[in-house]
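> just to be clear, the model below is a prediction. Sequence and coordinates:
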Amino acid sequence: MWTEHRITEPLLREFLGLLEAIQEELNSRWDGQDRFGRHENSA
């Protein structure tokens, strides 16, 4: 049980870090699409 916990905790932290990076990347992409969409609509 203890060895399992020692292995999974670092993996979970790394996984959560990756999820945060992916989320930020997706957010920046959506923001960029929104800006382009607004420019097209106003033109």
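Done, it's in.

> for this protein, which segments count as helices?
Shown for the chain, the helices assigned by DSSP state H span residues 2-42.

> so where's this protein uncertain?
Applying pLDDT under 70 to the chain flags residues 1-3, 35-43.

> center of it - which residue?
Nearest to the mean C-alpha position of the chain, counting by C-alpha atoms, centre = their mean, stands Gln23 at 1.8 Å.

> how much space between that one and Gly17?
Remark: distance between Gln23 and Gly17 (C-beta to C-beta, to the nearest Å) = 11 Å. Placement of C-beta: from N, CA and C, glycine included.

> and for Ser28?
Taken as C-beta to C-beta, the span from Ser28 to Gly17 is 17 Å.

> cool, Leu26 as well?
Per C-beta to C-beta, Leu26 is found 15 Å from Gly17.

> and what of Leu11?
11 Å.

> kindly report the same for His5.
His5 sits 19 Å away from Gly17, taking C-beta to C-beta as the criterion.
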